[in-house]
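Asker: This is the structure alone, sequence omitted:
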Ligand SMILES: [Mg+2]
């Protein structure tokens, strides 16, 4: 562990007052804030892995559904999940925040949500930017490192396909909310308080995962991305996909914002050891059948099924 890095003294002005508010709230959750740019040490022999994720009010979330802390925690978690997908360990978080006046009172709570996501991932806010604007927007850049990042493109014929956790909660919550119906506590927790599978990703990488992706747009969409990137055909048995109580498997595979991991691995993984360590299931759901012509063949109890496409913000 490196020593905590001190913040640089800030000048005067309204924007810096807001930054001071954030820093007071964050305490140890932020490090080295206040210079023009953050400085990071990348562990020797590791490569820098970075990703940006944007959450926009009205596009990615509806204010009434969540507390401000949940809005911010979800945005940071979504970004961290992309580091997990690469089997990278986080080094720091940059927060771009567009704060409309009507959200001004919620700044402390937004800060709390950012801090809780950073804390779970054992990392810190190391910089960012703040602006006024029309819609609350969190543009979260995460920096991490890995000796050998796991990409989407390494799946090989004969690999097994595995996924972490249990799907369907966020999709179920979204359906219920838009219809004004009650949401089960499990589905609500999965939707409002997702977790990035960072430590689980380390286990999967160290047990030979050849390709990995996080389930942000739905399992069916991510399978297609994995197949395309690896130029491989994949067969998935939908009845094997672990789902929440009472949730239909065909709906669960289209459920987005799950932040579970889908990976390919050449050998049989010790799923019992994984479940003991992380208290979530690791389940074999299919295999990589051939290489050369990318595609996904889905069956439900032996019968071919078409999977609903995943979520695409530009397709509606
Ligand atoms: Mg992703």
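Answerer: Cool, got the structure. Computed from a predicted structure; not experimentally measured.
Asker: Who are the contact partners of the residue most central in space within the chain?
Answerer: Among the residues of the chain, the one closest to the centroid is residue 81, at 2.7 Å (C-alpha atoms, centre = their mean). Taking C-beta atoms under 8 Å, 6 or more residues apart in numbering, we find residue 81 in contact with 194, 196, 197, 214, 216, 259. The C-beta positions use only the backbone N, C-alpha and C, and glycine is treated the same way.
Asker: Please pick the buried ones from those.
Answerer: Neighbour counting with 16 or more other C-beta atoms under 10 Å marks 194, 196, 197, 214, 216, 259 as buried within those.
Asker: per-residue pLDDT, the fourth one?
Answerer: Just to be clear, that refers to residue 214. According to the predicted model, the pLDDT of residue 214 comes to 98.
Asker: got it, and the third one?
Answerer: With respect to pLDDT, residue 197 scores 98.
Asker: ok, it to residue 263 distance?
Answerer: Separation of residue 197 from residue 263 (C-beta to C-beta, to the nearest Å) stands at 10 Å.
Asker: can you redo the buried ones among the contacts of residue 81 as TSV with distance to the ion?
Answerer: Written out in TSV, the entries for the buried ones among the contacts of residue 81 read as follows (distance: C-beta to the ion, whole Å):
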residue	distance to the ion
194	13
196	10
197	12
214	4
216	5
259	9
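Asker: Could you export these to TSV, including columns for secondary structure and distance to residue 288?
Answerer: TSV is the format used below for the buried ones among the contacts of residue 81 (DSSP: H, G, I helix; E, B strand; the rest coil; distance: C-beta to C-beta, whole Å):
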residue	secondary structure	distance to residue 288
194	coil	27
196	coil	25
197	coil	21
214	strand	18
216	coil	21
259	coil	23
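Asker: Give me the phi and psi angles of the nearest residue to residue 80 once chain neighbours are set aside.
Answerer: Taking C-beta to C-beta, 6 or more residues apart in numbering as the measure, residue 80 lies nearest to residue 196, with 3.9 Å between them; neighbours along the chain are not counted. With angles defined as degrees, to the nearest 10, residue 196 shows backbone torsions of phi -80, psi 130.
Asker: What is the burial count for residue 306?
Answerer: Applying the criterion other C-beta atoms under 10 Å, we find 8 residues in the vicinity of residue 306.
Asker: can you offset everything so residue one is 40?
Answerer: With the count now opening at 40, the last piece we talked about shows up as residue 345.
Asker: Spit out the contact partners of the nearest residue to it once chain neighbours are set aside.
Answerer: Excluding its sequence neighbours, the residue lying closest to residue 345 (C-beta to C-beta, 6+ apart) is residue 337, at 7.3 Å. Remark: with contacts taken as C-beta under 8 Å, 6+ apart, residue 337 is in contact with 259, 274, 275, 277, 292, 343, 344, 345, 346.
Asker: let's go with 6 Å and repeat that
Answerer: The neighbours of residue 337, taking C-beta atoms under 6 Å, 6 or more residues apart in numbering as the test, are 275, 277, 344, 346.
Asker: which SS state does it fall under?
Answerer: The three-state label for residue 337, taken from DSSP: H, G, I helix; E, B strand; the rest coil, comes out as strand.
Asker: beta partners for it?
Answerer: In this structure, residue 337 bridges to residue 275, residue 344 when assessed by DSSP bridges.
Asker: What distance do you get for it to the ion?
Answerer: For residue 337, the distance to the ion equals 21 Å [C-beta to the ion, to the nearest Å].
Asker: what's the burial count for the nearest residue to residue 82 once chain neighbours are set aside?
Answerer: Nearest-residue entry for residue 82: residue 184, 5.7 Å, with adjacent residues in sequence omitted and distances by C-beta to C-beta, 6+ apart. The burial count assigned to residue 184 is 22, neighbours taken as other C-beta under 10 Å.
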